[in-house]
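K.L.:
The sequence isn't on hand, but the structure is:
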């Protein structure tokens, strides 16, 4: 088995080289037909196709394109962000984390004195943190933070929603999505010397948007229960 | 002025020597016929002269340069044989233009006229031509190039006799207008003798004879008659060729060193003396020593 | 007898012009090999997926990388082909010697590499345009390249292709020198794949090539290395073939 796995790529490579050799040799000796018709038209056609494709490619509306972030976050950076979120003392600490962006904010009037937080967490890397405010303003504030510098910022399909039902705050996970992504890459000969941002699957090791956080602030007269961590004051 | 000088020239492939210890010179502006049987070493000699092959030993100078890998020799020499396989991507017209770009003296007008005369089409490709047509195209290039040294190695392969005669005439006419050194190799003289000035006979890698056509015409004489009489008569003479004809009769070719006495004696003894065409002579001289093909079928 | 001096450089240029026309088969084979490369790239040169949570991402990458690799192979094989007797003898139809023949081959391979480099970079656009118009996708991520970056990439591609051509040319010349090398060279190349480091199962030769050329990040050093390598390869070829006979 190990011998086979060692040899297989080499055999495939030799096969490929053989096929290429055959093709090159055949077309190399492509005999020119009488009276001019021959490979010339194919060549001209080929060059035209290349030119048209190149022009088309550069006139494509590139505002539809996402760029690979200049300084993408790798696995270890993402892990660090995750840890920083866990260790955050208050919202100020969260706000100071440059890697986090506010995706969405809610402000919900709330008169009752007991709040149940319920999440239909499907296993995303979302972290729910609650803080009891010092004042009594009858408002629940919810902020959704996600890691910035990730590729997909504009994905409305995968937004969390927050809904108050009686005294239960339902945190609704987005429906599972299956994203299809096309990556128009630069050639390896280009990226060898141009410092272009490289696209790596590593960026998605913490899910599509990296470490996320829902920060919930409730008035100080409200008692919270549910699947939530507290910021101790 | 000698265009080609060879001294003790030898070319070996491994152990086999294709040409052995050749020494001769070819003067400027002469047409020389290189005659020899297949395998006599003609092509090898010509390719050494052309600079395609490296000599094994001895000396060879072309325009007083060593020809191997020499740009000057290459620029002033054209080698035409029937193995020329021009690039398949070019048609005949483009081939002529390419040749013209390489050879400074190339006469495109002459090439065009010959091209039309032999009914070529400019858009044809070389590999689509028949063997005879290929040879014809090659010699057109060879003629029009007007190189100071023009080498034709078996140029008429596949040509029919009309084209062959046309070629010889064209060659002679162009040579008279633009004298240059020309070597034509062939296994037989056949139709060429009235065009050539010199003849270089080769056999088994060696020069057998190098003389002018005029001298060669006087070189030998044929005698025929009774076998017994002939064998007595030729005892003191150099026999170049001998063949039995009919019953008890023999035909011999001897070196032409006869004096009047010899002739008279031959006449008295009833022998018939006749001249030998250089065509036949070259065949006799270059044939191998195993008698003729007849001997193969003669079982005693 | 004195003959007019021959201007070597002028002759090389003439031969180069001649070869650009007469080696037209090179362009056909380039096209054939690039079309094959593009067909291989239709579904992306690489693809993959991530599904860490409920969501999943599928992605396909489009670039000219596969075509470029195929073009390397083309350069290598074609260069071997032009050293074969049929093509070498083509030269000797007209005025030449081994040096001018080699130099004009070098120039021709350089020209062919330029054409191959530019076209191979362009083929990526064909695959990208096809992907854009015909394949469904939620997002398109484009690696941003500046125009200078693109030019430099093309230049680097040409250098790589030319280096492969130089390798092929040397291999072809060695094979012409002695037919035994037809067996020896592939054996050496394949054999070298098995001489690997103990820790990784990759061949030392490939690792060295990757480290020396592929991982070089200074363009200046890279260009110097390439010029040195290509120069050395051609020098060897020219030295070897200078003693070779033609028209056998």
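P.N.:
Received, thanks. Only a predicted model underlies this, so the values are computations on that prediction, with no experimental measurement involved. Residues are numbered from 1 along each chain as shown, chains lettered A, B, ... in the order given.
K.L.:
Show me what stretch B:1-9 is in contact with.
P.N.:
B:19, B:21-28, B:45, B:48-49, B:55, B:57-64, B:148-149, B:181, C:1 (CB atoms under 8 Å, 6 or more residues apart in numbering or on different chains). C-beta coordinates here come from the backbone N, C-alpha and C atoms, glycine included.
K.L.:
Can you select the buried ones among those residues for me in PyMOL?
P.N.:
Those of the contacts of stretch B:1-9 that count as buried under 16 or more other CB atoms under 10 Å in any protein chain shown are selected in PyMOL with:
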select buried, chain B and resi 19+22+24+26+45+48+49+55+58+60+61+62+63+148+149+181
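K.L.:
Which strand in chain C has the most residues?
P.N.:
strand C:56-62 (DSSP state E).
K.L.:
Just after that strand, pick out the following helix or strand.
P.N.:
Note on strand C:56-62: by DSSP states H and E, the next helix or strand toward the C-terminus is helix C:65-83.
K.L.:
For the following helix or strand past that following helix, the averaged confidence score.
P.N.:
Using DSSP H and E, the helix or strand that follows helix C:65-83 in sequence is helix C:85-91. Mean pLDDT, taken over the full extent of helix C:85-91, equals 74.
K.L.:
now do stretch A:87-102
P.N.:
The predicted model assigns stretch A:87-102 a mean pLDDT of 80.
K.L.:
name the element residue A:108 belongs to?
P.N.:
strand A:100-109.
K.L.:
What helices and strands are in contact with that strand?
P.N.:
Contacts defined by 3 or more CB pairs under 8 Å, 6 or more residues apart in numbering or on different chains; DSSP states H and E place strand A:100-109 against strand A:139-147, strand A:161-165.
K.L.:
would JSON lines of those with mean pLDDT be doable?
P.N.:
Supplementary listing: the helices and strands packed on strand A:100-109 in JSON lines, determined by pLDDT from 0 to 100:
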{"stretch": "strand A:139-147", "mean pLDDT": "86"}
{"stretch": "strand A:161-165", "mean pLDDT": "83"}
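K.L.:
Which stretch among these is buried most, on average?
P.N.:
Between the helices and strands packed on strand A:100-109, strand A:139-147 has the highest mean count of neighbours, a mean of 22, where neighbours are mean count of other CB atoms under 10 Å in any protein chain shown.
K.L.:
mind listing what the one residue in the stretch 151-300 of chain B that gets nearest to chain A touches?
P.N.:
Closest contact between the stretch 151-300 of chain B and chain A, by CB to the nearest CB, is at residue B:158 (20.6 Å). Residues counted as contacts of residue B:158 (CB under 8 Å, 6+ apart) are B:82, B:130, B:131, B:132, B:134, B:135.
K.L.:
show me where chain A has helices.
P.N.:
For chain A, helices defined by DSSP state H occupy the ranges A:2-28, A:39-59, A:75-87, A:91-96, A:188-191.
K.L.:
what does chain B put close to chain C?
P.N.:
By CB under 8 Å from any CB of the partner chain, the residues of chain B that approach chain C are B:1, B:3, B:28, B:47, B:50-54, B:63-65, B:69-72, B:74-76, B:79, B:83-90, B:94, B:98-99, B:101-104, B:148.
K.L.:
are any of the residues you listed buried, and which?
P.N.:
Using 16+ other CB under 10 Å as the burial test, the residues of chain B next to chain C include B:3, B:47, B:50-54, B:63, B:65, B:69-72, B:74-76, B:79, B:84, B:86-90, B:94, B:98-99, B:102-103, B:148 as buried.
K.L.:
Take these and keep only those in strands.
P.N.:
Going by DSSP E, the strands hold B:3, B:79 from those.
K.L.:
Tell me which of the buried ones among the residues of chain B next to chain C fall in helices.
P.N.:
When those are checked against helices (DSSP H), the matches are B:47, B:50, B:71, B:72, B:74, B:75, B:94, B:98, B:99, B:102.
K.L.:
any idea how far residue C:121 is from the residue of chain C found nearest chain A?
P.N.:
Of all residues in chain C, the one sitting closest to chain A is residue C:153 (2.8 Å; CB to the nearest CB). Residue C:153 is 7 Å from residue C:121, where distance means CB to CB, to the nearest Å.
K.L.:
Please name the bridge partners of residue A:169.
P.N.:
Judged by DSSP bridges, the bridge partners of residue A:169 are residue A:117, residue A:164.
K.L.:
returning to what we had before: return the list of strands paired to the strand holding residue A:108, each annotated with direction.
P.N.:
strand A:139-147 (antiparallel).
K.L.:
avg pLDDT for stretch B:95-115?
P.N.:
Rounded mean pLDDT across stretch B:95-115 is 93.
K.L.:
How about it and chain A, touching?
P.N.:
No. With CB under 8 Å from any CB as the criterion, chain A is not reached by stretch B:95-115; the gap is at least 12.1 Å.
K.L.:
measure that stretch end to end?
P.N.:
End-to-end distance of stretch B:95-115 (CA to CA, to the nearest Å): 12 Å.
K.L.:
Point out the residues in chain C that sit beside chain B.
P.N.:
Within reach of chain B by CB under 8 Å from any CB, chain C has these residues: C:1, C:3-6, C:8, C:11, C:14, C:17-18, C:21-25, C:86, C:89-90, C:92-100, C:242-243, C:245-248.
K.L.:
what residues go with each domain of the chain?
P.N.:
Using chain A here. Taking automatic domain parsing as the reference, chain A has its domains at A:2-60, A:75-230.
K.L.:
Wait, chain B was what I had in mind.
P.N.:
Domain assignment for chain B, taken from automatic domain parsing, gives B:2-212, B:218-297.
K.L.:
any idea of the mean pLDDT in the last one?
P.N.:
In other words, domain B:218-297. Mean pLDDT, domain B:218-297: 80.
K.L.:
Endpoints of that domain, how far apart?
P.N.:
Across domain B:218-297, first to last residue, CA to CA, it's 33 Å.
K.L.:
Now find how far off-centre it is within its chain.
P.N.:
The chain centre lies 25 Å from the centre of domain B:218-297; the measure is CA atoms, centre = their mean, to the nearest Å.
K.L.:
For stretch B:129-137, could you pull out the residues that count as buried?
P.N.:
Neighbour counts over stretch B:129-137 (16+ other CB under 10 Å) mark B:129, B:132, B:133, B:134, B:135, B:136, B:137 as buried.
K.L.:
longest helix of chain C?
P.N.:
With secondary structure taken from DSSP H, chain C has its longest helix at helix C:98-134.
K.L.:
quick revisit: common neighbours of residue C:153 and residue C:121, please.
P.N.:
Contacts common to residue C:153 and residue C:121, judged by CB under 8 Å, 6+ apart, are residue A:187.
K.L.:
got the residues of the stretch 51-200 of chain B near chain A?
P.N.:
For the stretch 51-200 of chain B, the residues in contact with chain A (CB under 8 Å from any CB) are B:88, B:89, B:91, B:123, B:124, B:125, B:127, B:128.
K.L.:
Show the buried residues in those residues.
P.N.:
Those of these that meet the buried threshold are B:88, B:89, B:91, B:124, B:125, B:128, by 16+ other CB under 10 Å.
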